[in-house]
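**Student:** Turn this into a model:
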Amino acid sequence: MARDLLRSRGYHVIRTAGSDSLPDLVAWQPQEHLLLVRAKRPRTPLLTAEIAERYEQDLAALRRIPLPFRASVQLWTWTERGGWRFFDVLRGGICELKER
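**Tutor:** The predicted model follows:
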């Protein structure tokens, strides 16, 4: 679903191999920035602090990825009741993006 959403927004997307790969998706737009996405599907909607705690190891691994200029890393979550939520993965934590 995340791959399809990115494609609908004009991104070229590659899905990485294996369930343990970080990130899950590598996406880019011509002449734009590179986006690395880790997608998760919790059973119920979570508060931002709960997401940061539950996915602490994933977030730490994502922060260790050396990024080129104009690249970003995001964590996306999707639940039946809450839909998509998008977070920038920053050195000091995560920041929810209101619109994507």
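**Student:** For this structure, which segments count as helices?
**Tutor:** With DSSP state H as the definition, the chain shows helices at residue ranges 2-8, 48-54, 56-63.
**Student:** Show me the shaky parts of the protein.
**Tutor:** Per-residue confidence for the chain (pLDDT under 70) gives these ranges: 19, 99-100.
**Student:** try 80
**Tutor:** Within the chain, the segments meeting pLDDT under 80 span 17-21, 99-100.
**Student:** Point me to the residue sitting farthest from the middle of this structure.
**Tutor:** When distances are taken from the C-alpha mean of the chain, residue 31 lies farthest, 20.5 Å away, according to Cα atoms, centre = their mean.
**Student:** re the thing from before, so which of the helices of the chain is nearest residue 82?
**Tutor:** In terms of Cβ to Cβ, the element of those nearest to residue 82 is helix 48-54, at 11.0 Å. Backbone N, C-alpha and C define where each C-beta goes, glycine included.
**Student:** got a list of contacts for stretch 20-35?
**Tutor:** 2-3, 6, 10-16, 36-39, 58, 61-62, 65, 67-68, 70-74 (Cβ atoms under 8 Å, 6 or more residues apart in numbering).
**Student:** Let's see that with 7 Å instead.
**Tutor:** Contacts to stretch 20-35, defined as Cβ atoms under 7 Å, 6 or more residues apart in numbering, come from residues 2-3, 6, 10-16, 36-39, 58, 61-62, 68, 70-74.
**Student:** do the same with stretch 82-91
**Tutor:** Outside of stretch 82-91, the residues within contact range by Cβ under 7 Å, 6+ apart are 45, 51, 59, 62-63, 72-78, 94-97, 100.
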